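J.: please find the sequence and the predicted model below.
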Amino acid sequence: MTIQREDAVPRRRRSDLVDLVHSISYEVMPFRKTERDVLDYVPTEVPLTVTVTEAKGIDTTLDLTERLARHGYSVSPHLPARQFVDAQHVADVVARLKESQIRSVFVVGGDAPKPAGSFQDAHSLLRTLEEIHHPFDQVGIGGYPEGHAAIPQGALELALKQKAPMATRILTQICFDATTTANWAAGVAETGVDLPVYVGMPGPVNRQKLMRISAGIGLGQSARFLQKQQSLLWRFLLPGGYNPTKLAKQLGAVVPKTEGNVRGLHIFTFNELRQTELWRQRLLSAVSAKTAEREDRS
């Protein structure tokens, strides 16, 4: 299968806030009420990714992915390498997704302390997906603008170079500093990795709910990330500590200075879907008004 790389067409002009807001996707967690909340609050034009929890495993994520796809959503399940048992397990999951006409996946290493089988990281899983000629048009991989607590920076950079030829896009982990993210994206482009970057950022998260999630065990990559990065957790919990609109505007101001590889925003919703969608609609209204004002001046 030849994946359809977004960089196969000439690079667009450098993005600003208008472009970023018009290219937003959501990450959701496969909990009991997730399907209902997606249907109630999220338009089908918003792409989704579904995390894998250590407690429930890959099948729960695949079940939700298939149901949401039947409802008309574009859905990418997380495929955590460390939860796959062997190559046959990978082939079985790929066959299931192909039968359900799922065309996009997000390949991660996963946070399981001990691998279930021979796959230690995302690179090893990507190689096996290539070997079995996977059917996916879009393959996302992770990016780390501020590094990773358990992986040396040099190893992260090498891994990104190794994974990039087998991927079509990069979805970053949370970074609260827009300049750091923009500089990282520019650095990625300078190394010759020409994949489009979608910046991971939290939406408007309810503090009490975030406390429950971050205190849990095996709740998916974004929640586990917050568990390990307590300084980031405090950004949410302190009054005035985090404002998603402010971060989005800061990103809109700095990404035009990059090499044009930042293409959109990937929102860690923590399943706060109603509030996230209301926030997205407010952003859309704001940038539409800004665009209209520009056109009037011209």
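T.: That came through, no problem.
J.: CA atoms for contacts and neighbours, from now on please.
T.: OK.
J.: where does Gly142 sit: helix, strand or coil?
T.: With DSSP: H, G, I helix; E, B strand; the rest coil as the basis, Gly142 sits in strand.
J.: tally of neighbours for it?
T.: Using other Cα atoms under 10 Å, Gly142 is surrounded by 19 other residues.
J.: report the contact partners of it.
T.: 107-108, 170-173 (Cα atoms under 8 Å, 6 or more residues apart in numbering).
J.: which positions within stretch 30-38 qualify as buried?
T.: Neighbour counts over stretch 30-38 (16 or more other Cα atoms under 10 Å) mark 30, 34-35, 38 as buried.
J.: output those residues as JSON lines; include the columns secondary structure, pLDDT and distance to Arg127.
T.: As requested, the buried residues of stretch 30-38 are arranged in JSON lines below (DSSP: H, G, I helix; E, B strand; the rest coil; pLDDT from 0 to 100; distance: Cα to Cα, whole Å):
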{"residue": "Pro30", "secondary structure": "coil", "pLDDT": "95", "distance to Arg127": "27"}
{"residue": "Thr34", "secondary structure": "helix", "pLDDT": "97", "distance to Arg127": "32"}
{"residue": "Glu35", "secondary structure": "helix", "pLDDT": "98", "distance to Arg127": "32"}
{"residue": "Val38", "secondary structure": "helix", "pLDDT": "98", "distance to Arg127": "33"}
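J.: nearest to Gly192, of these?
T.: Pro30 (35.4 Å; Cα to Cα).
J.: that closest one against Asp59, yeah?
T.: No - using Cα atoms under 8 Å, Pro30 is not in contact with Asp59, being 10.3 Å away.
J.: quick one: the strands in the chain, in order.
T.: For the chain, applying DSSP state E gives strands covering 24-28, 48-50, 75-80, 104-108, 138-143, 169-172, 197-202, 262-268.
J.: partner strands of the fifth one, with direction?
T.: Spelled out, that is strand 138-143. Note on strand 138-143: by DSSP bridges, its sheet partners are strand 104-108 (parallel), strand 169-172 (parallel).
J.: Asp16 is nearest to which of those?
T.: Comparing the strands paired with strand 138-143 by Cα to Cα, strand 169-172 comes nearest, at 17.7 Å.
J.: around the residue lying closest to Leu17 once chain neighbours are set aside, how many other residues sit close by?
T.: Sequence neighbours aside, Gly252 is the residue nearest to Leu17 in space, at 3.9 Å (criterion: Cα to Cα, 6 or more residues apart in numbering). Using other Cα under 10 Å, Gly252 is surrounded by 22 other residues.
J.: report the separation between Gly252 and Phe136.
T.: The gap separating Gly252 from Phe136 is 30 Å, by Cα to Cα, to the nearest Å.
J.: circling back: my read is that the residue nearest to Leu17 contacts Asp16, right?
T.: Yes - counting by Cα under 8 Å, Gly252 sits close enough to Asp16 to count as a contact (4.6 Å).
J.: distance from the chain centre to stretch 185-194, please.
T.: Stretch 185-194 sits 18 Å away from the centroid of its parent chain (Cα atoms, centre = their mean, to the nearest Å).
J.: going forward, count from 23.
T.: Sure, I'll start numbering at 23, so the last one becomes stretch 207-216.
J.: circling back: contacting residues around the residue nearest to Leu39?
T.: 37-40, 42.
J.: what about the residue nearest to Arg149 when sequence neighbours are not counted, distance to Ala117?
T.: The shortest distance from Arg149 to any non-neighbouring residue, by Cα to Cα, 6+ apart, is to Met188 (7.8 Å). Look at Met188 and Ala117: by Cα to Cα, they are 19 Å apart.
J.: got the confidence number for Thr75?
T.: Note for Thr75: predicted pLDDT of 87.
J.: next one: Gln175
T.: 87.
J.: ranges for the helices of the chain?
T.: Taking DSSP state H as the test, the helices found in the chain are 39-43, 56-63, 79-92, 109-121, 144-153, 175-185, 200-212, 229-236, 243-250, 252-259, 266-276, 295-319.
J.: format the ones you listed as a markdown table; extra columns: distance to Thr73.
T.: As requested, the helices of the chain are exported to a markdown table (distance: least, Cα to Cα, whole Å):
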| stretch | distance to Thr73 |
| --- | --- |
| helix 39-43 | 22 |
| helix 56-63 | 11 |
| helix 79-92 | 7 |
| helix 109-121 | 15 |
| helix 144-153 | 15 |
| helix 175-185 | 20 |
| helix 200-212 | 23 |
| helix 229-236 | 13 |
| helix 243-250 | 7 |
| helix 252-259 | 19 |
| helix 266-276 | 21 |
| helix 295-319 | 15 |
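J.: rank these by pLDDT, which is bottom?
T.: Minimum mean pLDDT among these: helix 243-250, a mean of 52.
J.: contacting residues for Val107?
T.: Neighbour list for Val107: 138-141 [criterion: Cα under 8 Å, 6+ apart].
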